[in-house]
Each structure stands twice: as structure tokens, then as C-alpha cells.
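In: what follows is a predicted structure for the sequence shown.
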Amino acid sequence: MKRQSLKKKDIVKILSDRNRDFSTEDIEEIVDLIFNAMTEALKQERRIEIRGFGNFSVRIQKEREFINPKTGKLTTCGQSRRVVFRAGKNLVQIQE
């Protein structure tokens, strides 16, 4: 079974089909505003909680050493930040 991606334009289309009172451009702007607000919050290392869906947070990944498989040399990867998603209760029930 091939999994298909849900892209931003698909979200805009779904919302515009369900909300004929708004233009597609208005809905696209709203979706952009939501994603931009989420991006800014994560840049400030703030946690995003969407009840029933899940939480986004930023975690610090410690510096670590690894062997480069191409060269075989020991290399260091510096400390970095990564976004972590934890599924909410309603989303976990879908998976079961």
C-alpha cells in the first residue's frame, strides 16, 4: 500500500471545499498564518499543544561522535535542536 502525502495545498483545498464563504486565497493566507505562528513559537523554543491532536516541542540533542560510513573516520556532530511531535489521545486511538 502506497502512502500519499497531505500537502499544504491539499489542506487549503479541503478547507475551501468545506467553507464556501471564504475565498481560496483567504484560506491559504489563514493556513500560512497558522504555520508561521507555529514556526515562530518553535524558534523561541515554546511548546505547541493542540488538544486531541498532539504536542510539538524543541529538544536539544547532545553532541555525539559517529563513524562516517563513507570514510570510516570518527566525526563529531555538534549539539543541535530538533522538533519532536508527541501524538495526542485522539490521534493515538486512530493508530490502534
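Out: All right, it came through fine. Numbering: from 1, shown residues only.

In: break this protein into its domains for me.
Out: Residue ranges for the domains of the chain, per automatic domain parsing: 1-44, 47-96.

In: save those domains as a markdown table, and put in mean neighbour count and mean pLDDT too.
Out: All C-beta spots, glycine's among them, are computed from the backbone N, C-alpha and C. Shown next, in a markdown table, are the domains of the chain (neighbours: other C-beta atoms under 10 Å; pLDDT from 0 to 100):
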| stretch | mean neighbour count | mean pLDDT |
| --- | --- | --- |
| domain 1-44 | 11 | 93 |
| domain 47-96 | 11 | 88 |
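
In: ranges for the helices of this protein?
Out: All helices of the chain, identified by DSSP state H, fall at 8-18, 24-43, 89-95.

In: now for the longest one, which elements pack on it?
Out: Packed against helix 24-43, as judged by 3 or more C-beta pairs under 8 Å, 6 or more residues apart in numbering; DSSP states H and E, are the following elements: helix 8-18, strand 48-50, strand 54-61.

In: any chance of CSV for these, columns distance to Ile67?
Out: Below are the helices and strands packed on helix 24-43 laid out as CSV (distance: least, C-beta to C-beta, whole Å):
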stretch, distance to Ile67
helix 8-18, 38
strand 48-50, 35
strand 54-61, 18
